[in-house]
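> Got a predicted structure plus its sequence, pasted below:
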Amino acid sequence: MTDASTPIIVGRDIGPQAPGARPDDDLLEGLNPQQREAVTYRGQALLIVAGAGSGKTSVLTRRIASLLRGREAWPSQILAITFTNKAAGEMRERVEHLVGDSSRGMWISTFHSACVRILRREAEHFGFTKSFTIYDSGDSRALIKRLVKEHEADAFGLTPAATQSKISRLKNELADAESYARSANMSDPAERVFVELFGAYQRELQKANAFDFDDLIAQTVFLFRAFPQVADVYRRRFRHVLVDEYQDTNHAQYALIHELTRPPGSDAAPLAASGGMMIFEPEPAAEEGASLTVVGDSDQSIYAFRGADIRNISEFEKDYPGAKVVLLEQNYRSTQNILSAANAVISHNFDRKDKKLWTDVGAGEQIIGFTGYSQHDEAQFVADEIEALRRGGVDYSQMAVFYRTNSQSRALEEIFIRSALPYKIMGGTKFYERAEIKDALAYLVAVANPADEMAMRRIINRPRRGIGDVTIETISRYAADQQITFRDALANSSALGVGPKIQAAIAHLDAVLAEASEIMLPSSGELAPPTAVAEGLTLLLNKSGYYDALRASKDAQDEARIENLDEMVAVAREFARNNPEGTLLDFLTEVALVSDADDLEDASGSVSLMTLHTAKGLEYDAVFVTGVEEDLIPHRISAGEPGGPQEERRLFYVGITRARKRLYLSLAMTRAQFGEVTVAMPSRFLQEIPGELLHWRQSPGDVNSRGGTQSRALNARRGSGSGSGFGGSGGGRRYGDDLVPLARREQSGNLERFANKIPAKVRDNGDLELAPGDRIRHDDFGEGRVDAVTGEGAKRVAHVRFDSAGPKKLLIKIAPITKL
DNA sequence: GTTACACCTATTTTT
DNA sequence: TAGGTGTAAC
């Protein structure tokens, strides 16, 4: 839902409200009673249980606005935490919309950026400097990889991946190497090696003046616990803490919130540790902890595998006695049919508080089910249906296709390309994970944080300078001997005892870094201009020879790399425009904490393809959930995990509740995976949807009876009446109730014909010329007449009306067609 | 330092 | 099956 109709109230007036004014009136406009309560309730702790599409962002932003307008809080006393930058940005925008300038000074940010802000200020308390680097998972994987090798840990079954995920899990539980060692079974050699690795990893991070993602949270908690007087500064400052998506918090995040909302001065005497100043706050007068508002929906918890602990929300009332709970069940997004299906599915999860979404917009369309013979058949259905919706006036950008695993996107893509359907894959390869972008950032990090050896190691031979492992180790040893950083060792290239060519290369790199440093962090101490980052980056890329090496390359990919780097420089310029005061560190922080998931919506004019996980928080007029099969959703691997199948059900629930008006559930009877074709069974979740809500265009039974491959699950439940269950098996009904048979089903009903119909090889029709009126034959669709041809060159599209398959758009260059 | 081949492993991933 | 990674040989 949206609050676009809310009038803008600009809160220029800083003085108290005029007597008798009702500052909340417009904020409550259009809200239902529960939403009003969530906005206006005042107390120490409030839990808003917000079902999907129940307007929680609206409630949260209005609650903040109401605190500000009522003069109950200064902006600086508000801390609102989300999980994504996108959510934070949206929330900030909407609060600004409501209260204007008086929102300035609020902290509306992600867990991670809030912690970075705190850590940059306080890092000196525990052996870091404020210019610390942030390691993303790729960086920490690289470091762990090196350590695993050094410790020869793979011999104990400790792969880099396993080690990384175990360390991450432990950090999310606030365990460090020492505390873990105490509880671990140290007679197990693998455990001993792991503890060693964990400790070594942590020491390396400290040495590099770096935090990994998990550290950002965990170290902030440790900081607060070790230095209560530091914690009190923030406890006094933030009087209102609000947390979005609370069901996704892990233990460390939970602890962070807990620390922040404790009454100030409540800690025992400060630790007599680490030479910091002892500041005793002589204020025994009972101060209250900040008021805490959390919003969440345990039915949408889908990140348990990453450490999210559903108990944080389900036991909120225990953690915060006297907490008020508000339940938002009215849904403003979907039709009742969609909601009823969602309710029915999720109600199969035991151990959950009952919650039923409802709407007053009416039943809406039935949910459409479809069973394809193969994943390509399924994809073709999706493509056809998308085209039909488009002709019916639905914009491509209002349609989305979801799948459980990324690999499923391929079949969809193949068909979409052939159908000339504009699509965009969300959350695919990430810009900031590309090698050249990581290189560029490493150059910047080398300037910003000379202690970061990882960054130095990354760039020292990129572009190739003839510096290999041997030289790197020489430098590393020299640095250790001289007790200087790796970076500083470069300045003494002549003392390293390496060949003249290599020595010159090192000296050159050193000079380039120094020059860039002078631009971005002037030694004169004066402030660098905002454009310094972009300039410095350009200088680094040019003078290091990075650009030249790419330009000289004949690899076609390197051209794209240059474009990506140009884009990176553009990002730096953009940053300078938006943050005139922004420093190099600010830029690196932003880049480290921003992911491309944050620009999800820029898919204008295309259909969005994404995993079910990525779909959370989004909504579309028409939603296709594909691959609704056993072993896919629920995924087979989840079966063995405690709570796995239930989390899968929530995932399916999340998918269903993204749809506003139309929902399609599809599956394929066969799926090519790992080189072989497997026969799929319909997902158990399909059977949890009441039959009258779901209309099968082609049910599993239809496909089954014609394909001849009996599958046990299909007959587990017989249809009763109109479109119930899977129905149709036994050959009674060949097609769905009102389905016009498609041409390819006419040709033959046998499975092999359809399984993996689309070969991997790409067909090329060359310059096949087509004009309106031409007759063509298509391998799948049969004969048809060309209505029109649009597009240019390789992207020419034929609009064809097939005799029996109906209208289609085809990419002429690659469609399996011949002119008649 | 680069290339080629063999090998391994295939959920989800807000930061 | 396919893609990515690691090692060995040139």
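Perfect, thanks for sending it. Residues are numbered from 1 along each chain as shown, chains lettered A, B, ... in the order given.
> Phi and psi next, for the residue lying closest to residue A:551 once chain neighbours are set aside.
Distances taken as Cβ to Cβ, 6 or more residues apart in numbering put residue A:562 closest to residue A:551, at 6.8 Å, once the chain neighbours are dropped. Heads up, the C-betas are built off the backbone N, CA and C, glycines and all. Dihedral pair for residue A:562: phi -60, psi -40, per degrees, to the nearest 10.
> likewise residue A:325?
In this entry, residue A:325 is assigned phi and psi values of phi -120, psi 130 (degrees, to the nearest 10).
> so who does it touch?
Applying Cβ atoms under 8 Å, 6 or more residues apart in numbering, we find residue A:325 in contact with A:46, A:47, A:49, A:316, A:317.
> Looking at those residues, which are in strands?
Where those overlap with strands, as defined by DSSP state E, the overlap consists of A:46, A:47, A:49.
> Tell me the spacing between residue A:667 and residue A:487.
From residue A:667 over to residue A:487 the distance is 56 Å, taken as Cβ to Cβ, to the nearest Å.
> Need the pLDDT of the residue nearest to residue A:551.
Residue A:562 is assigned a pLDDT of 84 by the prediction.
> what residues are up against the closest residue to residue A:689 other than its chain neighbours?
Counting by Cβ to Cβ, 6+ apart, residue A:689 lies nearest to residue A:341, which is 4.7 Å off, once chain neighbours are set aside. The contact partners of residue A:341, taken as Cβ under 8 Å, 6+ apart, are A:367, A:656, A:663, A:689, A:690, A:693, A:694.
> Now with 10 Å, please.
A:334-335, A:366-367, A:653, A:656-657, A:659, A:663, A:665, A:685-686, A:688-690, A:693-694 (Cβ atoms under 10 Å, 6 or more residues apart in numbering).
> Could you tell me how far the residue nearest to residue A:310 when sequence neighbours are not counted is located from residue A:653?
The shortest distance from residue A:310 to any residue that is not its chain neighbour, by Cβ to Cβ, 6+ apart, is 4.8 Å, and that residue is residue A:301. With distances taken as Cβ to Cβ, residue A:301 is found 10 Å from residue A:653.
> ditto for residue A:797
Taking Cβ to Cβ, one finds residue A:797 at 37 Å from residue A:653.
> And the two? Which one has more around it.
For residue A:797 versus residue A:653, the count of surrounding residues by other Cβ atoms under 10 Å is larger for residue A:653: 25 against 20.
> Low-confidence ranges, the stretch 651-800 of chain A, go.
Applying pLDDT under 70 to the predicted model, the residue ranges of the stretch 651-800 of chain A that meet it are A:704-764, A:766, A:794.
> Can you show me the strands along it?
With DSSP state E, counting those that start in this stretch as the criterion, the stretch 651-800 of chain A has strands at A:659-668, A:670-673, A:676-679, A:694-698, A:775-778, A:782-790, A:797-802.
> Residue of chain A nearest DNA strand C, please.
Each residue of chain A has a distance to DNA strand C, by Cβ to the nearest atom of the strand, and the smallest belongs to residue A:675, at 2.8 Å.
> neighbour-wise, which of residue A:667 and residue A:487 wins?
The neighbour comparison of residue A:667 against residue A:487 (other Cβ under 10 Å) goes to residue A:667, with 26 against 22.
> That one reaches residue A:681, doesn't it?
Yes. Residue A:667 sits in contact with residue A:681 when judged by Cβ atoms under 10 Å, with a separation of 8.9 Å.
> quick one: common contacting residues for these two?
Here residue A:667 and residue A:681 have A:629, A:630, A:632, A:700 as joint contacts, going by Cβ under 10 Å, 6+ apart.
> Quick check: the farthest pair among these?
Spanning the widest gap among the shared contacts of residue A:667 and residue A:681 are A:632 and A:700, at 14.0 Å by Cβ to Cβ.
> Who has more neighbours out of these two?
For residue A:632 against residue A:700, the residue with the higher neighbour count under other Cβ under 10 Å is residue A:700, and the figures read 28 against 22.
> how close does that one sit to residue A:686?
Note on residue A:700: its distance to residue A:686, by Cβ to Cβ, is 8 Å.
> repeat for residue A:178
50 Å.
> Next: residue A:415.
Using Cβ to Cβ, residue A:415 is found at 22 Å from residue A:686.
> what's the answer for residue A:159, then?
According to Cβ to Cβ, residue A:159 stands 37 Å off from residue A:686.
> For those two, work out which one has more neighbours and name it.
The residue with the greater number of neighbours, taking residue A:159 and residue A:686 and applying other Cβ under 10 Å, is residue A:686; the counts read 27 against 14.
> I figured the more buried one hits residue A:656, correct?
No. The pair residue A:686 and residue A:656 fails to qualify as a contact (Cβ under 10 Å) at a distance of 11.2 Å.
> Name the residues contacting each of the two.
Contact criterion Cβ under 10 Å, 6+ apart; residues shared by residue A:686 and residue A:656: A:341, A:345, A:665.
> Save these as CSV, and put in distance to residue A:810 too.
As requested, the shared contacts of residue A:686 and residue A:656 are exported to CSV (distance: Cβ to Cβ, whole Å):
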residue, distance to residue A:810
A:341, 34
A:345, 37
A:665, 27
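> which residue sits closest to residue A:145 in space, ignoring its chain neighbours?
Counting by Cβ to Cβ, 6+ apart, residue A:145 lies nearest to residue A:160, which is 4.3 Å off, once chain neighbours are set aside.
> for that neighbour, phi and psi?
Taking degrees, to the nearest 10 as the convention, residue A:160 sits at phi -50, psi -40.
> so it makes contact with residue A:150?
No. With contact defined as Cβ under 10 Å, residue A:160 does not count as touching residue A:150 (11.7 Å).
> So which of the two has more stuff around it?
For residue A:160 against residue A:150, the residue with the higher neighbour count under other Cβ under 10 Å is residue A:160, and the figures read 20 against 10.
> distance of the more buried one from residue A:198?
The spacing between residue A:160 and residue A:198, counted by Cβ to Cβ, is 13 Å.
> Find the residues that touch each one of these two.
Taking Cβ under 10 Å, 6+ apart as the contact definition, residue A:160 and residue A:198 share the neighbouring residues A:144, A:147.
> Can you give me the first-to-last residue distance of stretch A:690-697?
The stretch stretch A:690-697 measures 16 Å between its terminal residues, going by Cα to Cα, to the nearest Å.
> which parts of that stretch are buried?
Within stretch A:690-697, the residues scored as buried using 16 or more other Cβ atoms under 10 Å are A:691, A:693, A:694, A:695, A:696, A:697.
> what does stretch A:333-348 give?
Within stretch A:333-348, the residues scored as buried using 16+ other Cβ under 10 Å are A:333-347.
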